[in-house]
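Peer 1: Fold the stuff below for me.
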Amino acid sequence: MEDIKSRIIAAARALHFERGPDAVTMRAVAERVGVTATALYRHFADKDAILREVTGEGSRLLGSHLFRALEAPTAIERLRATADAYLEFAIAQPQAYRALFEPGADGAEESPLHRQRAAVRRFLRDRVREGMDAGVLAEGDPDGMAMSFWAMLHGLASFHFAGITRAEGLSQRALTNLIEGIAASGSASTVP
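Peer 2: Prediction:
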């Protein structure tokens with residue numbers, strides 16, 4: 001039973017990636033899986049439930065990548081590891097990553113996707129706050145700084161997907177530039 005559910009999610013993810021969320025119809029997913037559209041309703045209430053599962057899966061995978069960054073020993077190393085983990089996820093799981101940010105993804109208040117995005121935002125804010133507390137980032141607005149950090153990472157991933165540049169290696173240079181721009185005076189003038 002679980003195998004068919006996994007196949008449904010994989011088919012929906014592939015359709016979403018290839019042609020966008022509007023291409024994810026019960027009929028199209030069923031055709032890819034090799035079952036009738038009616039059979040899908042045994043596992044999912046409707047198309048929106050399938051799309052929520054596709055985006056939820058991406059968010060869970062991103063979270064598991066980000067949490068590995070917590071193993072780094074210092075605040076600045078955790079911030080750098082977070083940047084690497086985010087981009088590694090985007091490159092390794094492009095379908096799941098894109099599903100999180102595609103137009104039409106259900107990011108409305110109180111949706112599972114909205115809560116998952118908020119969790120990523122809190123994770124990034126916590127890494128920034130750690131950097132401030134350690135004196136490697138200037139005191140300021142951790143939420144605003146985290147959004148700048150997230151925007152930079154998302155931009156690097158977008159550049160990678162568009163073929164503008166490769167994300168590998170760029171995250172550390174971009175992060176160093178960002179940190180130096182917001183570094184605490186004195187102690188962080190030379191970012192490790």
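
Peer 1: For Arg173, the count of nearby residues, please.
Peer 2: 10 (other CB atoms under 10 Å). (C-beta placed from N, C-alpha, C; glycine too.)

Peer 1: which residues touch Arg42?
Peer 2: For Arg42, no contacting residues are found, by CB atoms under 8 Å, 6 or more residues apart in numbering.

Peer 1: Check it and give its pLDDT.
Peer 2: Looking at Arg42, its pLDDT stands at 92.

Peer 1: SS state for it?
Peer 2: For Arg42, the assignment made with DSSP: H, G, I helix; E, B strand; the rest coil gives coil.

Peer 1: Can you report phi and psi for it?
Peer 2: With angles defined as degrees, to the nearest 10, Arg42 sits at phi -70, psi -20.

Peer 1: and it, how far is that from Gly20?
Peer 2: Distance of Arg42 to Gly20, computed by CB to CB, to the nearest Å: 26 Å.

Peer 1: same deal with Leu170?
Peer 2: With the distance defined as CB to CB, Leu170 ends up 27 Å from Gly20.

Peer 1: Neighbour count for these two, which is higher?
Peer 2: Using other CB under 10 Å, the more surrounded residue of Leu170 and Gly20 is Leu170, with 16 against 13.

Peer 1: What strand or helix carries the nearest residue to the more buried one once chain neighbours are set aside?
Peer 2: Leaving aside its sequence neighbours, Leu170 sits nearest to Leu156 (CB to CB, 6 or more residues apart in numbering; 5.6 Å). For Leu156, the enclosing helix or strand under DSSP states H and E is helix 142-162.

Peer 1: any idea how far that helix is from the chain center?
Peer 2: Put simply, helix 142-162 sits 10 Å off its chain's centre (CA atoms, centre = their mean, to the nearest Å).

Peer 1: picking up where we left off before, pLDDT score assigned to the residue nearest to Leu170?
Peer 2: 90.

Peer 1: Could you list which residues are in contact with Gln93?
Peer 2: If you count contacts by CB under 8 Å, 6+ apart, Gln93 has them with 58, 61-62.

Peer 1: will you turn those residues into a markdown table that also has neighbour count, pLDDT and secondary structure?
Peer 2: Output for those, formatted as a markdown table (neighbours: other CB atoms under 10 Å; pLDDT from 0 to 100; DSSP: H, G, I helix; E, B strand; the rest coil):
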| residue | neighbour count | pLDDT | secondary structure |
| --- | --- | --- | --- |
| Gly58 | 24 | 80 | helix |
| Leu61 | 16 | 86 | helix |
| Leu62 | 23 | 90 | helix |
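
Peer 1: Make TSV out of those residues and add distance to Ser148.
Peer 2: Written out in TSV, the entries for the contacts of Gln93 read as follows (distance: CB to CB, whole Å):
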residue	distance to Ser148
Gly58	23
Leu61	24
Leu62	19
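
Peer 1: by how many degrees do the helix or strand of the chain with the lowest mean pLDDT and helix 142-162 diverge?
Peer 2: None of the helices or strands of the chain scores lower by mean pLDDT, DSSP states H and E than helix 170-182, at a mean of 74. Orientation check (axes from the mean of the first three to the mean of the last three CA atoms, to 10 degrees): helix 170-182 against helix 142-162 gives 150 degrees.
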